[in-house]
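> build me a model:
(chains A, B, C and D)
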There are 2 protein chains.
Amino acid sequence: MQPLDILPYLGKLQDYYARERIVPSMTRLSLLWNVKARSWTHRIVQRLKEEHFLENAPGGRVRPGPRFFERTVGPMVRAGLPQQAADMQPELLRIDDYLIENPSQTILFPVKGDSMIDLGILEGDMVIIERANTASVGQVILAIVDNEFTLKVLARDKDGYYLEARNGRRNQDYPPIRPEQKLEIYGAYVGLIRKTRVPGHHLNASR
Amino acid sequence: MQPLDILPYLGKLQDYYARERIVPSMTRLSLLWNVKARSWTHRIVQRLKEEHFLENAPGGRVRPGPRFFERTVGPMVRAGLPQQAADMQPELLRIDDYLIENPSQTILFPVKGDSMIDLGILEGDMVIIERANTASVGQVILAIVDNEFTLKVLARDKDGYYLEARNGRRNQDYPPIRPEQKLEIYGAYVGLIRKTRVPGHHLNASR
DNA sequence: TATAATCGAGAACAATCGTTCTTTATTATT
DNA sequence: AATAATAAAGAACGATTGTTCTCGATTATA
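Numbering: from 1, shown residues only, chains lettered A, B, ... in the order given. Reported below is the predicted structural model:
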């Protein structure tokens, strides 16, 4: 461990960040930490940076680093019990972070039908589509065919590009789609979210 | 719609925030938005605050507001192109709010194996589990069997409760699991997220 | 005890910050 | 064509920023 015990400072900052979702300035950090000198606060911050609890952000500002959201693991952890609980906890934005890379280019589309069931895309799911005009063969894309959106696999043979479904059991119901003239690609399938719970219905509604 | 079209500005800021996880200063926002005057940037920021895309943070700084993480939801069945829908305001959805109802009781678990493939749960997906000690027959639950987590369907016959897989093609590989003594339920399957993009790999890497 | 390292405070600095005010272009409306 | 509203830029303000330097107090080590 470091000579300077930075963990109490880190704890206070973590609590503050959970409240305000921002790393404050040196002056406000000094107030939060009961440190009189901004220079000393500055030094503590640098220690926290060295330990990757904090890191530099553009504009000389500071943001949480990779270790900032680590949770201290208690001593009584049963074997096999949720280690996973540590990595993702209170940050509500993390799922969003995980799934969405370019927010302005990303749109959700509810799925109708079972034409892509072999890829685990079910009716009622929401597919995450990132806008793109091009794609490569084998990719799952959202295309516009006859003024309707269709989620299919982009394929190609000697006659050109076409769209394939992925439903092995009802293959005859989903023949390949060959566009009359042009194949308009709207975006690429980059992820999926599914909510199985009935809205408003709570599982443990014992109250 | 607002007189000043703030959505393009919002989009750029959202992308920036996805990268840097910080709302920059006015000066840097001006650079990002190609606005010459900091005063004009200031005004756009205030519009975004009025619409609750941004909000004030301690120290005169700015942080994302409640609507910052909303995603647009596109139409799936409706005929017509999205440009036609320009007049009607698009539906917005926050992924986290949509999926998670009780954050403190919710944990993500990565999926191993294909035993639940018939329900569209694939290896590599993240299932959303809400803690619960009880469940009803037919529900998908995360149970603890032999100190390991297992995602299965809760079933019951004359001999008592047991766990079923859902893989029609390899049924013989996943026989029903009958606990020796007690069946420990960890939580209920309430949703799923899937990221198909390879992390760090951009689809349109044409540079 | 002597000495070095660390802890903590204060002062000072240029740079940047958010904000406000004024002025000029552009657009829409009458 | 006249008028109003909006979009955009520029200048300037004091306040706050991150950083560095210096100097006493405390602690550990030799």
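> how about the helices in chain A?
Taking DSSP state H, the helices of chain A run over residues A:7-20, A:26-33, A:38-50, A:84-87, A:93-99.
> lowest average confidence across those, which one?
Looking over these, mean pLDDT reaches its minimum on helix A:84-87, with a mean of 48.
> picking up where we left off before, need the helices of chain A in TSV with distance to residue B:39, can you?
Just so you know, the C-beta spots here come from the backbone N, C-alpha and C atoms, and that holds for glycine as well. Listed next are those as TSV, based on distance: least, CB to CB, whole Å:
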stretch	distance to residue B:39
helix A:7-20	27
helix A:26-33	25
helix A:38-50	29
helix A:84-87	43
helix A:93-99	30
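> how about the nearest residue to residue A:130 once chain neighbours are set aside, what does it touch?
Once flanking residues are discounted, residue A:130 sits nearest to residue A:190: 4.9 Å by CB to CB, 6 or more residues apart in numbering or on different chains. Residues in contact with residue A:190 (CB atoms under 8 Å, 6 or more residues apart in numbering or on different chains) are A:99, A:101, A:106, A:128-130, B:195-197, B:203.
> same question for residue A:102.
Going by CB under 8 Å, 6+ apart, the list of residues near residue A:102 reads A:130, B:15, B:18.
> now the second one: how far from residue B:8?
Relative to residue B:8, residue B:15 is positioned 11 Å away (criterion: CB to CB, to the nearest Å).
> who has more neighbours, those two?
Neighbour count, other CB atoms under 10 Å in any protein chain shown: between residue B:15 and residue B:8, residue B:15 has more, with 18 against 10.
> so that one sits right up against residue A:100, yeah?
No: the criterion here is CB atoms under 8 Å, and residue B:15 misses it with residue A:100 at 9.9 Å.
> residue contacts, the nearest residue to residue A:171 once chain neighbours are set aside?
Leaving aside its chain neighbours, residue A:171 sits nearest to residue A:165 (7.6 Å; criterion: CB to CB, 6+ apart). For residue A:165, the contact set (CB under 8 Å, 6+ apart) comprises A:115-116, A:152-153, A:171, A:174, A:176.
> pull out the buried members of those.
Buried residues within the contacts of residue A:165, counting neighbours by 16 or more other CB atoms under 10 Å in any protein chain shown: A:115-116, A:152-153, A:174.
> residue contacts, the residue of chain A found nearest chain B?
For chain A, the residue closest to chain B is residue A:104, as judged by CB to the nearest CB, at 3.2 Å. Neighbouring residues of residue A:104 by CB under 8 Å, 6+ apart: B:10-12, B:14-15.
> one more: residue A:117?
Residue A:117 neighbours (CB under 8 Å, 6+ apart): A:166-167, A:169, B:120.
> now, of the residues you listed, which are buried?
Buried subset of those (neighbour count, 16+ other CB under 10 Å): A:166-167, B:120.
> these two touch, right, residue A:110 and residue A:126?
Yes: in this structure residue A:110 lies within contact range of residue A:126 using CB under 8 Å: 5.6 Å.
> need the residues of chain A near DNA strand C, please.
Counting by CB under 7 Å from any atom of the strand, chain A comes close to DNA strand C at A:3-5, A:35-40, A:59-60.
> of the residues you listed, list those near DNA strand D.
Counting by CB under 7 Å from any atom of the strand, A:38-39, A:60 from the residues of chain A next to DNA strand C sit close to DNA strand D.
> nearest to DNA strand D, of those?
residue A:39 (3.0 Å; CB to the nearest atom of the strand).
> contacts only, for that closest one.
Neighbours of residue A:39 in contact, by CB under 8 Å, 6+ apart: none.
> and stretch A:36-49, what's buried?
By 16+ other CB under 10 Å, the buried positions in stretch A:36-49 come out as A:41, A:44-45, A:47-48.
> how much space between the closest residue to residue A:169 other than its chain neighbours and residue A:174?
Spatial nearest neighbour of residue A:169, excluding adjacent residues (CB to CB, 6+ apart): residue A:117 at 7.9 Å. In this view, residue A:117 and residue A:174 are 10 Å apart by CB to CB.
> how about residue A:192?
19 Å.
> ok, residue A:135 next?
Shown here: residue A:135 relative to residue A:174, a distance of 19 Å by CB to CB.
> same question for residue A:43.
Here the distance between residue A:43 and residue A:174 works out to 65 Å (CB to CB).
> can you give me the strands for chain A?
With DSSP state E as the criterion, chain A has strands at A:54-57, A:61-64, A:106-110, A:126-131, A:140-145, A:148-157, A:160-164, A:184-195.
> tell me which helix or strand of chain A sits lowest on mean pLDDT?
helix A:84-87 (a mean of 48; mean pLDDT, DSSP states H and E).
> need the strands of chain A in CSV (columns: mean pLDDT).
Shown next, in CSV, are those (pLDDT from 0 to 100):
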stretch, mean pLDDT
strand A:54-57, 94
strand A:61-64, 94
strand A:106-110, 94
strand A:126-131, 96
strand A:140-145, 92
strand A:148-157, 92
strand A:160-164, 93
strand A:184-195, 96
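> ok so, going back, rank the contacts of residue A:117 by pLDDT and give me only the lowest.
Among those, pLDDT bottoms out at residue A:169, giving 88.
> next one: it relative to DNA strand D, how far apart?
Distance, residue A:169 to DNA strand D, using CB to the nearest atom of the strand, to the nearest Å: 54 Å.
> distance of that residue relative to residue B:17?
43 Å.
> quick check: pLDDT value at residue A:3.
For residue A:3, the pLDDT comes out at 53.
> quick one, what contacts residue A:28?
B:58-59.
> quick one on the thing from earlier: out of the buried ones among the contacts of residue A:165, what pair is the most spread apart?
By the measure CB to CB, A:153 and A:174 form the most distant pair in the buried ones among the contacts of residue A:165, at 10.8 Å.
> on that earlier part again, looking at the contacts of residue A:102, spot the one nearest residue A:185.
residue A:130 (11.4 Å).
> could you give the bridge partners of residue A:108?
Beta-bridge partners for residue A:108, by DSSP bridges, are residue A:128, residue B:73.
> contacts only, for residue A:68.
Contacts of residue A:68 by CB under 8 Å, 6+ apart are A:14, A:17, A:53-54.
> same thing but at 6 Å, please
residue A:53 (CB atoms under 6 Å, 6 or more residues apart in numbering or on different chains).
> what of residue A:120?
B:120, B:122.
> next: residue A:114.
Residue A:114 makes contacts with A:123, A:167, as judged by CB under 6 Å, 6+ apart.
> switch to 10 Å and redo it
Neighbouring residues of residue A:114 by CB atoms under 10 Å, 6 or more residues apart in numbering or on different chains: A:121-123, A:165-167, A:169-170, A:173-174, B:120.
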